[in-house]
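> 3D, please:
(one chain, ligands or ions: 2)
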Amino acid sequence: MNFIIAPSLLSANFNNLADEIAKVEGIENSWLHLDIMDGNFVEAITFGSPVVQNIRKTTSLTFDAHLMVNSPEKQLPLFIEAGADYITFHIEASKSPRDLIKTIKNSGRKTGISLRPSTPISSIKNFLPYIDLLLIMSVEPGRSGQDFKKKSIERIKEIYTLKQEESLKFLISVDGGINEKTAGKVINAGAEILVMGSYFFGNPIEKVKNFINDLRNKSLPK
Ligand code: DX5
Ligand code: ZN
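Ligands and ions are numbered 1, 2, ... in the order given. Next up, the predicted model:
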């Protein structure tokens, strides 16, 4: 299955961003995942729209912005302006998800919603027909390098079933703890996008490429 690999820039070597981005460009069917943390919705602060705007000039990769911020309505126009292609906000951080979806859609960008591992799936159910991407967190948002939460497999399966039953179009993305042990399971459960932070940037690129190729050859088309 030709799933998308979305390496997270957060785990890249910031001393050499051009080479790190070139690694992502060297993978077929890849996006660049941008983890935006505000020191409020989550403890850490990463980088914001000016950085995204800057790297936008250097690559044509699809930018998959994951906003882990409170008051996402304030950030949306900035990320639209900065050239993000997919803009994902957290359901727990938004007072009016409908308005956020509208703002993103009207800008011509793709809309995503994300949910923490403990947030019930029922909280996003009503929005599924209107979004382009659902980002299922398989770790607590806030930092890379955490262990995959096993319960996420059941959540991916549940979302996959909902998607099939209603013939919905959104893509199923999974974020957190994706590596050699977990990637296959996540794909088999129905994921179409794998966000990869520490595994992608923390291993020799040839090893990562071989692993992705093997996974693509092995997994059956859904
Ligand atoms: C966590 C971020 C993830 C993270 C992934 O808050 O949303 O995108 O950087 O990193 P790994 O793959 O190392 O769990
Ligand atoms: Zn993320």
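
> what's in contact with stretch 101-120?
By C-beta atoms under 8 Å, 6 or more residues apart in numbering, the residues outside stretch 101-120 that reach it are 64, 66, 73, 76-77, 80, 84-92, 97, 100, 121, 123-124, 127, 130-141, 149, 151-152, 155, 173, 175. For every residue, glycine as well, the C-beta is placed using N, CA and C.

> the residue in the chain that ligand 1 sits nearest to: how many residues sit nearby?
Residue nearest to ligand 1 within the chain (C-beta to the nearest ligand atom): residue 197, separated by 2.4 Å. Residue 197 has 26 neighbouring residues, counting by other C-beta atoms under 10 Å.

> which parts of the chain sit against ligand 2?
35, 66, 175 (C-beta under 5 Å from the ion).

> make a markdown table out of the residues you listed and add pLDDT.
Shown next, in a markdown table, are the residues of the chain next to ligand 2 (pLDDT from 0 to 100):
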| residue | pLDDT |
| --- | --- |
| 35 | 98 |
| 66 | 99 |
| 175 | 99 |
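
> could you list the low-pLDDT ranges of the chain?
1, 220-222 (pLDDT under 70).

> all the strands of it, residue numbers only.
4-7, 31-37, 62-68, 86-90, 110-115, 133-137, 171-175, 193-196 (DSSP state E).

> from the chain's centroid, how far away is the last one?
Same thing as strand 193-196. 6 Å (C-alpha atoms, centre = their mean, to the nearest Å).
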